[in-house]
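**Q** Show me the folded form of this:
(one chain, ligands or ions: 2)
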Amino acid sequence: MTQNNSVAAIVPAAGIGRRMQSTRPKQYLQIAGSTVLELTVKALSQDPRISHIFIATSAEDAYYPTLNFNTSTPITRVEGGATRAASVQSGVAAAAAAGFVWVAVHDAARPCLSAEELASVLDHALADEVGALLALPVADTLKRASEQHRSLATVAREQLWQALTPQVFRSAELLSGFTRLGVDNPQLTDEASVIEALGKQPKLVQGKRSNIKITLPGDEQLAQLWLTAKT
Ligand SMILES: Nc1ccn([C@@H]2O[C@H](COP(=O)(O)OP(=O)(O)OP(=O)(O)O)[C@@H](O)[C@H]2O)c(=O)n1
Ligand SMILES: C[C@](O)(CO)[C@H](O)COP(=O)(O)O
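**A** Ligands and ions are numbered 1, 2, ... in the order given. Here you go, the predicted structure:
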């Protein structure tokens, strides 16, 4: 069995990156000589409480075997699924089978995670009865849009936060939620939504604006700027 403060990182990396419109899945784009996924694994290796990393990739992924993870943290590949939630479920199930009570789910597409953010979300989660996630208070005015991209209304942004990752929860609770709610449920776009659906209220831990999710064309340049700014 693992120690109480020993956490398994779960990295969903089985997406196709449709919005990125790139020639290869965005987790395999190169930034400063490394792939996005290699950089994300390096970021997760910044805290000794991350004792094992489970990476969910698609069965057809021909890029993964070419990677070189420069970390002493053990890594296990698992098969991802048709949805992000299915990929996360696969990783969490493997971590639970290996004895991990706690899991930290972190998008492969977020390579700019800082050591401070990782330490902070782990500190808060492991001391909380529910768990915790990194998030940011919304800083811009939000609009409700019509199909024709007309602004219908302004959405009050007080008490609105945008979720980031890692999201840190007990493996058993996540697995129970996935079984009860279904991993093809379109409302389950993150792990906190699973825990909320179980009637619990995860702790919001303020993250950094640099913890971007590479999603749209040009985001890889933004990530490179943030990564070089940190060195
Ligand atoms: N079936 C899926 C879908 C997504 N992901 C992962 O979940 C993370 C966040 O998802 P997103 O940014 O939506 O990635 P994609 O689904 O690849 O992007 P798109 O929606 O543009 O296709 C990514 O690291 C992605 O690889 C996954 O593991 N399995
Ligand atoms: C988990 C997440 O990154 C939190 O903002 C987000 O929900 C992932 O959404 P995606 O559409 O799967 O990228």
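**Q** you'd agree Ser193 is up against Pro186?
**A** No: using CB atoms under 8 Å as the test, Ser193 is too far from Pro186 to be in contact (10.4 Å). (Each C-beta comes from the backbone N, C-alpha and C, glycine too.)
**Q** who has more neighbours, those two?
**A** Ser193 (17 against 8; other CB atoms under 10 Å).
**Q** Contact partners for Ser146?
**A** Leu152 (CB atoms under 8 Å, 6 or more residues apart in numbering).
**Q** how about a cut-off of 10 Å?
**A** Leu152, Ala153 (CB atoms under 10 Å, 6 or more residues apart in numbering).
**Q** where in this structure is pLDDT low?
**A** Scanning the chain for pLDDT under 70 picks out 1-4, 231.
**Q** got the residues of it near ligand 2?
**A** Those residues of the chain that sit near ligand 2, judged by CB under 6 Å from any ligand atom, are Arg84, Asp107, Ala163, Leu164, Thr165, Thr189, Asp190, Lys213.
**Q** So what's the residue count around the second one?
**A** By that I understand Asp107. 25.
**Q** Kindly report the same for the fourth one.
**A** Residues near Leu164, counting by other CB under 10 Å, number 26.
**Q** Not counting sequence-adjacent ones, nearest residue to the single nearest residue of the chain relative to ligand 1?
**A** Using CB to the nearest ligand atom, the closest approach of the chain to ligand 1 is made by Gly15 at 2.1 Å. Once flanking residues are discounted, Gly15 sits nearest to Pro25: 6.4 Å by CB to CB, 6 or more residues apart in numbering.
**Q** Check Gly81 too.
**A** Nearest one to Gly81, counting by CB to CB, 6+ apart, is Ser87 at 5.0 Å.
**Q** And Leu113, by the same measure?
**A** Using CB to CB, 6+ apart and skipping residues adjacent in sequence, the residue nearest Leu113 is Ala43, 4.1 Å away.
**Q** And for Gln46?
**A** Sequence neighbours aside, Ala115 is the residue nearest to Gln46 in space, at 4.0 Å (criterion: CB to CB, 6+ apart).
**Q** Contacts only, for that neighbour.
**A** Ala43, Ser45, Gln46, Asp47, Lys230.
**Q** State the next helix or strand along the chain beyond the host helix or strand of Ser176.
**A** When elements are assigned from DSSP states H and E, Ser176 belongs to helix 171-181. Counting by DSSP H and E, the next helix or strand C-terminal to helix 171-181 is helix 191-197.
**Q** what packs against the helix or strand just after that following helix?
**A** Next along the chain after helix 191-197, taking DSSP H and E as the criterion, comes strand 203-206. Applying 3 or more CB pairs under 10 Å, 6 or more residues apart in numbering; DSSP states H and E, we find strand 203-206 packed against helix 115-126, strand 131-137, strand 161-170.
**Q** out of these, nearest to Gly218?
**A** strand 161-170 (18.9 Å; CB to CB).
**Q** Is that closest one positioned near ligand 1?
**A** No: counting by CB under 6 Å from any ligand atom, ligand 1 has no neighbours in strand 161-170; the shortest distance is 8.3 Å.
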